[in-house]
Every structure is written in structure tokens, then in C-alpha cells.
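**Q** Starting from these lines, generate the structure:
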Amino acid sequence: MTDSTSLPVEIQRYLAATADPLPDDTPIERLRFVALDCETTGTDATKDAIISMGAIAVIDGEIRLEEEFEALLKIRHNTSSVVVHGITAEEAARKGVYVEEALTRFLDYLGNAVIVGHHIGFDVEVIQRACLRNFGIELNNRWIDTMELTLHLDDVGAIEAMRRSVGGTASPFQDFSLDGLCRRFRIAPHDRHTAAGDAFITAQIFLKLLRLAQRHDRTTLGALAERWVDPRDTEEAGGGSQK
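**A** Here you go, the predicted model:
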């Protein structure tokens, strides 16, 4: 077990802030959300590294532009992911910081906020592994996946009702990607595939989803963070047990 007194003071502050997990019944209005995105060297959280991190706070239904975070990290070599995010190893070596510094700054910024992101489970796992590797600590924050929240709201007809309320004539919504949500909510995807850009886009989408969630009685942290289970999986599991 890591002796917390030997850790940087910023990490000690983070551990103190997250010592008591936020309960499920915490009302939305009492929460600080942080929309987060990481660009990485690949899609395998067990071995790929963080290249850049971008985050921005959402408090009281507003995006706080003054509360943003961005970091470029040093990486050892290029991978095919450079085609997506455009960050070369040379640029990262010249402008980036070491992972320990980036994590120290990020965790101090994050505090006890609720992490928000699209398919955020991957980002959380990558950061969690980096925290364990560099400081021997856990990433203790609760998190909300905007993809899963969208699917919950779609299940109760909230997305379709919104389309009809604005006079939409398109076919029922099926594209749950970040780009698809941008189109659905009429959000301009500026700086797409950059960590800071995707974090800001996600924050805008999250605000739209948050308003829909409140109209459908999802007004607590537990309701927003509920994992989504594909009903087809449940049906197949039930069918299989009857054979």
C-alpha cells in the first residue's frame, strides 16, 4: 500500500477529496461534472499510453470555460493513431510533459468531480492504470457515459420526443456516436479528435442530455450513472436458459 505522505501534495489533496465516494442519491445540482477526453496511442487500455488530455467543468447547468484543463504528454514512438489525433512523437517530445506531471495536475484539477465522457470507460481505465503505475493509487471518481445515458433516454422515447418537438422529419434516431449526437443536437464539432475539442463537444452534448434526463426523472447521480444493458442480451440469456 502506498504511503500517501510520500506523494505530491496535489495527489494528497485529491485523495482527501475523494475519500468518501459520492452516494447515488446525490442531486444533480450538488455535483461538479468534468467532461473528459483522452487521445491515446491505441485502443488497448492495458498497454497503450495517453498522448493528450482535455477536460472542462460543468456546474449548475453551465459550461465553465474558466475551469478547463489540457495537457500534452511525452510519448516514446508514433503509432497509427496519429492519423486520428494528428499528434506526432516529435511534437509530443518537444512540447509535452511527463505523465507524472500531467496526472498530478489533472487529479488536483479533478478533485471529487463526476467524470463525463462518450465511451468514457476506456479513458477511465487508461487513467486508472496510469495512476496505479505512477503513484500506486486508484482513480476514485464516479463517472457517467454519455453513450449509455443517451441509450437510457432513447429507451423511454425522450430522444424521439425531442425530435418531434422541434418539427423534425428525419427517421428515428439511430446514430449514437459522438458525431451523430452532434448532428442530432445541432452542435458544431469544432476541433474534433483533439482531447480539448472533444471534451468541449461532450460537455455541450451532456448539457442537452442532462435537461432531457431531468424531464424524465433522472435527477440523481445514480440515475445518470446507471449502466445500460442491451435488452437483446437479456432476452438471449433468458431464451438460452429455457432450452
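**Q** Do you have the helices of this protein handy? List them.
**A** Taking DSSP state H as the criterion, the chain contains helices spanning 9-17, 82-85, 89-95, 99-110, 120-135, 146-155, 158-165, 178-185, 195-215, 221-225, 231-241.
**Q** helices or strands next to the fifth one in the packing?
**A** In terms of contact count using 3 or more C-beta pairs under 8 Å, 6 or more residues apart in numbering; DSSP states H and E, helix 120-135 is assigned the packing partners strand 32-40, strand 50-59, helix 99-110, strand 114-117, strand 143-145. For the C-beta atoms, the positions are set from N, CA and C on the backbone; glycine is no exception.
**Q** Including mean pLDDT and mean neighbour count, could the helices of the chain go into TSV?
**A** Shown next, in TSV, are those (pLDDT from 0 to 100; neighbours: other C-beta atoms under 10 Å):
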stretch	mean pLDDT	mean neighbour count
helix 9-17	97	16
helix 82-85	47	14
helix 89-95	71	14
helix 99-110	97	20
helix 120-135	96	18
helix 146-155	94	19
helix 158-165	72	15
helix 178-185	90	17
helix 195-215	95	21
helix 221-225	98	20
helix 231-241	60	9
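**Q** a markdown table please, covering the ones you listed and showing distance to residue 70.
**A** Formatted as a markdown table, the helices of the chain follow (distance: least, C-beta to C-beta, whole Å):
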| stretch | distance to residue 70 |
| --- | --- |
| helix 9-17 | 17 |
| helix 82-85 | 13 |
| helix 89-95 | 11 |
| helix 99-110 | 10 |
| helix 120-135 | 15 |
| helix 146-155 | 20 |
| helix 158-165 | 31 |
| helix 178-185 | 18 |
| helix 195-215 | 5 |
| helix 221-225 | 25 |
| helix 231-241 | 37 |
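**Q** Nearest to residue 43, out of those?
**A** helix 120-135 (7.3 Å; C-beta to C-beta).
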